[in-house]
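Predicted model, plus sequence, below.
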Amino acid sequence: MKKTLLIAALTGLPLIANAVGQPYLFDFIQNKETGKAYNSLIAKQKLPSWVKIGGTSFPANEITIKGKRYLALSGCKPHDCPAQSIAVLYSLDEGDIHGVYSEHDIKNDRQILTWMNLGPMDSDAMRNILFNRLNGDVSG
């Protein structure tokens with residue numbers, strides 16, 4: 001009996017540990033509310049299929065921009081992160097979402113950015129955080 005309880009407890013440990021941490025992009029997409037916002041963000045873009053499920057990602061981190069709380073999330077093409085990646089900012093208070101998709105053009109050796117839901121008047125801080133998140137800076 002004790003052995004069965006120990007196995008059950010150890011099996012559930014990763015779920016408990018993940019529940020207290022920040023979500024990965026995959027988890028964010030699977031959530032009904034945040035997934036709807038994410039899907040609306042990428043719907044009008046011609047993006048690779050891995051973007052729809054989040055690809056390989058890091059845990060989100062919470063940041064504050066001009067007094068508003070955001071989750072910063074990112075994902076990249078599985079087995080080829082330098083080639084393609086996505087970064088997202090989701091407002092915890094208002095539910096608005098912004099993002100940037102990056103693709104590396106190998107032929108011309110340049111990075112092509114597709115900004116999503118960011119107008120010309122949106123803050124430079126928001127763009128900087130998204131760009132930094134694309135390039136591996138998860139400090140916020």
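Received it, and whenever you're ready, just let me know what you need. Residues are numbered from 1 along each chain as shown.

how many other residues sit next to residue 75?
A total of 24 residues lie near residue 75 under the criterion other CB atoms under 10 Å. C-beta: built from backbone N, CA, C; applies to glycine.

Are we agreed that it is in a strand?
Yes - Residue 75 forms part of a strand when assessed by DSSP: H, G, I helix; E, B strand; the rest coil.

close enough to count as contact, it and residue 86?
Yes - with contact defined as CB atoms under 8 Å, residue 75 counts as touching residue 86 (5.4 Å).

if we look at stretch 62-78, which residues are touching it?
22-26, 28, 48, 50-51, 54-58, 60-61, 83-94, 123, 125-126, 129-130, 133-134, 138, 140 (CB atoms under 8 Å, 6 or more residues apart in numbering).

Just the helices from the protein, written as ranges.
Using DSSP state H, the helices of the chain run over 2-20, 25-30, 32-42, 49-53, 124-134.

about what we covered before: give me the subset of the contacts of stretch 62-78 lying in strands.
Residues of the contacts of stretch 62-78 located in strands (DSSP state E): 56, 57, 61, 84, 85, 86, 87, 88, 89, 90, 91.

which among these gets closest to residue 119?
Nearest to residue 119 out of the ones in strands among the contacts of stretch 62-78 is residue 89 (CB to CB; 13.9 Å).

Run through the bridge partners of the closest one.
residue 72, residue 98 (DSSP bridges).

Residue 22 versus that one, what's the distance?
When distance is defined by CB to CB, to the nearest Å, residue 89 is 13 Å away from residue 22.
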